[in-house]
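Visitor: Fold the following and give me the result.
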Amino acid sequence: MNKFEQLGLNESLLLAIKDLGFENPSEVQEKAIPLLLEKDTDIVALAQTGTGKTAAFGFPLIQKIDAENRDTQALILSPTRELCLQITNEIKLYSKYIKGLNTVAIYGGASITEQANQIRRGAQIIVATPGRMQDMINRSMVNIKNINYCVLDEADEMLNMGFYEDITSILSDTPKEKSTWLFSATMPQEVARIAKEFMRKPLEITVGHKNSGNENVSHEFYLVSARDRYEALKRLADANPDIFSVVFCRTKRDTQAVAEKLIEDGYSAAALHGDLSQAQRDGVMKSFRGRQIQMLVATDVAARGIDVDDVTHVINYQLPDEVETYTHRSGRTGRAGKSGTSLVIITKSELRKISQIERIIKTKFEEKPIPSGIEICQIQLFHLANRIKDVEVDHEIDAYLPAIEEVLKDIPKEELIKKMVSVEFNRFINYYKKSKDITTDGGNRRDSGVIPTDGAVRFFINIGSRDNFDWMTLKDFLRDTLDLGRDDVFKVDVKEGFSFFNTDASIAPKVMEVLNAFSLQGRKINVEISKNEGGSNSRRRDHNGRGGDRRSGGGFRGDKNRDDRRSGGSDRRSGGDRKFDSKKSGDGERRGRRSDNNNSNGFFDKAKRSRRS
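Guide: I've put the predicted structure just below:
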């Protein structure tokens, strides 16, 4: 007996479930479906992405809709166009045996007039993104004043993208007597506020622990110096030959540059960010779902709504500014009951974030070293041998075998095997045979003992002359921000996109704590202890010869290598995505509170940056 039959679903839905091949309901489905079918109530359901939430609200919603009444009876709000279309398609599959039930998707980037016409022809269920829905309400193109049900799917995602005002406005246009079903992966304050303001004594369903991560996902972090971040990414990809991954960057610029660099280096990669047209975005996602792309490099906003069940790895090339966002990133893998791995590439200054994330997801990270060149070569060699063993022979080559055998007849079997493997394998040997170990020794990651306890400490900071600082104004800024005395900051050395300064070791913990939690004009400051030789005790005058360069600048740049001063040697980014609300021209979609186009890429040299600018 199919276990869905025990949940109280009607025959039409059970037939659709059988066609879809569903056998056993997920935990959130087992908890939500009977409750929603039994009575009209408000609920808050907390469950991770990929746990079957669409069916959890979709099945009972379809069963409660009156298909003979063509008025709009239910509204489902979702954060992105992709998720909106996905939910619409799934609702249509679930309701395929219910005659007269129509579901219409409302989203930006498509004809608003055509969408309004579809609603007028009769749409009992509307699935919409908040921006487009609010636009249609303002134009009187849709009437939701008499709906019976409102579903907020991925509520935390919608609020994180800056849709709070739209959602509250939309909910205010619906009747108070309706049932509201809120589904979310986490329960931040904004979600709790929506529940308190617009829901009546909601029942709560929690799958796993509140705000926890998916138990099918393992979490690992790799500690490297910033200049080796991109090299670490490549090694992690090479150490997992069958990788099918989403690589997360904080900014559009970083996303595009990392993808371009991966492509240059021979990886099947593509970028997904807000500067792509809808046609480009659809093309990238089609290639990714078809596995023509193994590494999809994406911003957090662009990746929302990605629903691909077989993602093996999520790679956090940069950690998000909001630690809660990590839950959604890691939710891209380990879906539909499958296992997955979330990898984090970090520097020493970011170690504290690992502990913060662990508290939220209630799961421990495993610290691992970046694979060595020899280890990668071994992995790739055995992977190649297994590919050769398992390949299906196309017998159309039979006609060519006599000529091939003639060419190879004098080569002994062992030598022939070596040559066959070397055709594919030599590039790994040549690349990695002289490679160095790039794992950084982080010591005890719970300990801040990396800060010296005596003498002077030299710091790197990711602001410079491009941010309108010279040595004097930066010194004043540091003293004021840290509330220090006149001589507590010394040896200030300002460069174009970054700077150095010294303090006594006794002040160092305060410098790290205060400045790493500080934003300058909406952009996050990053401070690290430098190994630069400027860290002596001598308090010479702070002139650097270029201090008066006060050119206006356009935001933080990835710093140059701060130890050997080579250009482009590091990947130190500010991570300071500006927060704002904006309407995307033409479709009314609010595209999030975070702009992710401030930064340039540390691993590119100047020539490549100018060539691509």
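Visitor: how about the strands of the stretch 101-250 of the chain, start to end?
Guide: Along the stretch 101-250 of the chain, counting by DSSP state E, counting those that start in this stretch, strands occupy 103-106, 125-128, 149-152, 179-184, 203-206, 217-223, 245-248.
Visitor: other SSEs contacting the fifth one?
Guide: For strand 203-206, the elements it packs on are helix 27-38, strand 43-46, judged by 3 or more Cβ pairs under 8 Å, 6 or more residues apart in numbering; DSSP states H and E. To be clear about C-beta, it is placed using only N, CA and C from the backbone, and glycine gets the same treatment.
Visitor: switch the cut-off to 10 Å
Guide: Using 3 or more Cβ pairs under 10 Å, 6 or more residues apart in numbering; DSSP states H and E as the contact test, the elements touching strand 203-206 are helix 27-38, strand 43-46, strand 179-184.
Visitor: Could you list the paired strands of the shortest one along with their orientation?
Guide: Applying DSSP bridges, strand 43-46 is found paired with strand 179-184 (parallel), strand 203-206 (parallel).
Visitor: Please verify my assumption that residue 274 contacts residue 281.
Guide: Yes - judged on Cβ atoms under 10 Å, residue 274 makes contact with residue 281 at a distance of 9.1 Å.
Visitor: Looking at the strands of the stretch 101-250 of the chain, spot the one closest to residue 390.
Guide: Shortest distance between residue 390 and the strands of the stretch 101-250 of the chain, using Cβ to Cβ, is found for strand 245-248: 22.1 Å.
Visitor: Residue 145 is in contact with residue 175, isn't it?
Guide: Yes - counting by Cβ under 10 Å, residue 175 is a contact partner of residue 145 at 6.4 Å.
Visitor: Flag every buried residue along the one helix or strand residue 351 maps to.
Guide: If you go by DSSP states H and E, residue 351 is part of helix 351-361. Using 16 or more other Cβ atoms under 10 Å as the burial criterion, the residues of helix 351-361 that qualify are 351, 353, 354, 357, 360, 361.
Visitor: Now do it against strand 217-223, angle only.
Guide: With axes from the mean of the first three to the mean of the last three Cα atoms, to 10 degrees defining the directions, helix 351-361 sits at 170 degrees from strand 217-223.
Visitor: Run the chain-centre distance for the helix or strand just after helix 351-361.
Guide: Note on helix 351-361: by DSSP H and E, the next helix or strand toward the C-terminus is strand 366-367. Strand 366-367 sits 20 Å away from the centroid of its parent chain (Cα atoms, centre = their mean, to the nearest Å).
Visitor: Run through the residues that contact residue 43.
Guide: Residue 43 makes contact with 31-32, 35-36, 56-57, 151, 179-183, 195, 199, 202-205 under the criterion Cβ atoms under 10 Å, 6 or more residues apart in numbering.
Visitor: gap between the closest residue to residue 477 other than its chain neighbours and residue 501?
Guide: Excluding the flanking residues, the one nearest residue 477 by Cβ to Cβ, 6 or more residues apart in numbering is residue 469, at 6.9 Å. With the distance defined as Cβ to Cβ, to the nearest Å, residue 469 ends up 11 Å from residue 501.
Visitor: which residues do the two both contact?
Guide: What both residue 469 and residue 501 touch, as defined by Cβ under 10 Å, 6+ apart, is the set 461, 475, 478, 492, 494.
Visitor: for the longest helix along the chain, packing partners?
Guide: Counting by DSSP state H, the longest helix found in the chain is helix 413-432. When contacts are defined as 3+ Cβ pairs under 10 Å, 6+ apart, helix 413-432 sits against helix 229-238, helix 373-390, helix 401-408.
Visitor: In a markdown table: the ones you listed, plus mean pLDDT.
Guide: Conversion of those to a markdown table gives the following (pLDDT from 0 to 100):
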| stretch | mean pLDDT |
| --- | --- |
| helix 229-238 | 94 |
| helix 373-390 | 84 |
| helix 401-408 | 89 |
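Visitor: now, of those, which is deepest in the fold?
Guide: Highest mean neighbour count of those: helix 229-238, a mean of 22 (counted as mean count of other Cβ atoms under 10 Å).
Visitor: chain center to it: distance?
Guide: That offset, for helix 229-238, works out to 17 Å (Cα atoms, centre = their mean).
Visitor: Send over that helix as PDB, restricted to the C-alpha atoms.
Guide: Taking Å, rounded to 0.1, in the frame of the first residue of the first chain, the C-alpha atoms of helix 229-238 are listed here in PDB:
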ATOM      1  CA  ARG A 229      42.000  30.700  -2.700                       C
ATOM      2  CA  TYR A 230      41.600  30.100  -6.400                       C
ATOM      3  CA  GLU A 231      44.300  27.400  -6.500                       C
ATOM      4  CA  ALA A 232      42.400  25.700  -3.600                       C
ATOM      5  CA  LEU A 233      39.200  25.800  -5.600                       C
ATOM      6  CA  LYS A 234      40.900  24.000  -8.600                       C
ATOM      7  CA  ARG A 235      42.400  21.400  -6.300                       C
ATOM      8  CA  LEU A 236      39.100  20.600  -4.700                       C
ATOM      9  CA  ALA A 237      37.600  20.200  -8.200                       C
ATOM     10  CA  ASP A 238      40.400  18.000  -9.400                       C
END
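Visitor: how far off helix 413-432 does that helix point, in degrees?
Guide: 160 degrees.
Visitor: Which elements pack onto helix 229-238?
Guide: If contacts are counted by 3+ Cβ pairs under 10 Å, 6+ apart, helix 229-238 sits against strand 217-223, strand 245-248, helix 252-264, strand 295-298, strand 313-316, strand 340-346, helix 373-390, helix 413-432.
Visitor: tell me how far the very next helix or strand once past the fifth one is from the chain's mean position?
Guide: Going back to what we said before, that points to strand 313-316. Sequence-wise, the next helix or strand downstream of strand 313-316 (DSSP H and E) is helix 325-330. Put simply, helix 325-330 sits 6 Å off its chain's centre (Cα atoms, centre = their mean).
Visitor: same check, this time on stretch 471-490
Guide: With Cα atoms, centre = their mean as the basis, stretch 471-490 stands 36 Å off its chain's centre.
Visitor: low-scoring stretches of the stretch 501-613 of the chain, by residue?
Guide: 531-613 (pLDDT under 70).
Visitor: mind redoing it with 50?
Guide: The model of the stretch 501-613 of the chain has pLDDT under 50 over residues 535-613.
Visitor: Could you do the chain as well?
Guide: Along the chain, the parts satisfying pLDDT under 50 run over 211, 443-449, 535-613.
Visitor: so which of the shared contacts of residue 469 and residue 501 would you say is closest to residue 314?
Guide: Nearest to residue 314 among the shared contacts of residue 469 and residue 501 is residue 461, at 29.9 Å by Cβ to Cβ.
Visitor: since we're on residue 120, how many residues are nearby?
Guide: 11 (other Cβ atoms under 10 Å).
Visitor: I should have written residue 7 there, sorry.
Guide: Neighbour count for residue 7, taken as other Cβ under 10 Å: 21.
Visitor: Quick check: it touching residue 26?
Guide: No - the criterion here is Cβ under 10 Å, and residue 7 misses it with residue 26 at 11.5 Å.
Visitor: list residues touching both of these two?
Guide: Common contacts of residue 7 and residue 26, defined by Cβ under 10 Å, 6+ apart, comprise residue 32.
Visitor: For the stretch 451-600 of the chain, just list every one of the strands.
Guide: Along the stretch 451-600 of the chain, counting by DSSP E, counting those that start in this stretch, strands occupy 456-461, 490-494, 499-504, 519-520, 523-524, 527-529.
Visitor: Name the residues that touch the last one?
Guide: Outside strand 527-529, the residues that touch it by Cβ under 10 Å, 6+ apart are 225-226, 347-350, 450-452, 457-463, 478, 501, 508, 511-518, 535, 559, 562, 572.
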